[in-house]
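Engineer: no sequence on hand, only this structure:
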């Protein structure tokens, strides 16, 4: 802990904030041109990738940290962030405004664009900066990755599997006209109602373990996966989506049969 370059890391915090803010402000400008704010969801993953690359460059330029841990953290974050950005971009291509943002802006006090800037773009920039603390701090840990990092990579890989496979299964299901109006309850979606959110959960706890090669860093950065877990389970993720899905026919029976978050075999159908 005494070998950790806290002064250099403080500079990195400012660099990371700038990288996150730059991505979200550029996205805000693009949203004004296109007339839709749904593209901010694409920027979420891209901003994490930008913070990882900026942190890696800053730490490496100052001669801090272990190269192996730095490359590992950067690669894990960039792969996750860009996959998510590409997936959301493809999913939303050709669609109009996301109903969530349309509803929010319809009730916006004052200028809707400025309200969106404050409540969506700047808020997301701050959350990216906070949740990416392990990615930032891990770049400055002088020790090389060990067994804890290996466990983190395994957890990250589990999360990526649930996200990527779950998204692919849902895309195939919704692309089939025969499934119009039906609930997706197959594949990973029969083990958890939210494979993608559970995947995110695993990814960020995994990245935390990769970064936690220093006790001080681990104590500082534990807030990051805790915040992400809160957002996924009780914040803007699972809770809000299920509030919307509850109106769908058959959803109550599906919810009784399938786990709400952590995967498990589905219960037998009633009757």
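Structural biologist: Thanks, I have it. In this text the structure is predicted, and so the values were computed from the model without any measurement.

Engineer: now the phi/psi pair for the residue nearest to residue 17 when sequence neighbours are not counted, please.
Structural biologist: Nearest residue to residue 17, sequence neighbours excluded (C-beta to C-beta, 6 or more residues apart in numbering): residue 129, at 5.1 Å. The way it works is simple: take the backbone N, C-alpha and C, and place the C-beta from them, glycine included. The phi/psi pair for residue 129 (degrees, to the nearest 10) reads phi -60, psi -40.

Engineer: quick check: residue 129 touching residue 18?
Structural biologist: No - under the criterion of C-beta atoms under 8 Å, residue 129 is not in contact with residue 18, lying 9.5 Å apart.

Engineer: neighbour-wise, which of the two wins?
Structural biologist: The residue with more neighbours, out of residue 129 and residue 18, is residue 129; 22 against 15, by other C-beta atoms under 10 Å.

Engineer: tell me how far the more buried one lies from residue 108.
Structural biologist: Separation of residue 129 from residue 108 (C-beta to C-beta, to the nearest Å): 24 Å.

Engineer: tell me where the model's unsure across this protein.
Structural biologist: Residues of the chain that meet the criterion pLDDT under 70 lie in 1-2, 269-271.

Engineer: can you show me the helices along it?
Structural biologist: 6-34, 40-61, 67-92, 99-106, 112-116, 123-131, 133-138, 147-175, 195-211, 215-221, 223-233, 238-245, 251-257 (DSSP state H).

Engineer: burial count for residue 204?
Structural biologist: Residue 204 has 28 neighbours, counted by other C-beta under 10 Å.

Engineer: cool, and residue 122?
Structural biologist: 15.

Engineer: please apply the same query to residue 212.
Structural biologist: 22.

Engineer: find the nearest non-adjacent residue to it, please.
Structural biologist: Beyond its immediate neighbours in the sequence, the residue positioned closest to residue 212 (C-beta to C-beta, 6+ apart) is residue 218, lying 3.9 Å away.

Engineer: quick one, what contacts that neighbour?
Structural biologist: 208, 211, 212 (C-beta atoms under 8 Å, 6 or more residues apart in numbering).

Engineer: between those residues, which sits nearest residue 237?
Structural biologist: Taking C-beta to C-beta as the measure, residue 237 lies nearest residue 208 of the contacts of residue 218, at 18.0 Å.

Engineer: and that closest one, how far from residue 136?
Structural biologist: 12 Å.

Engineer: go on, residue 11?
Structural biologist: Using C-beta to C-beta, residue 11 is found at 11 Å from residue 136.

Engineer: cool, and residue 94?
Structural biologist: Going from residue 94 to residue 136 by C-beta to C-beta gives 36 Å.

Engineer: between these two, tell me which one has more neighbours.
Structural biologist: The neighbour count for residue 94 versus residue 136, taken as other C-beta under 10 Å, is higher for residue 136 (28 against 6).

Engineer: so for residue 187, which of the helices of the chain sits nearest?
Structural biologist: Minimum separation from residue 187 across the helices of the chain (C-beta to C-beta) falls at helix 147-175, 4.2 Å.
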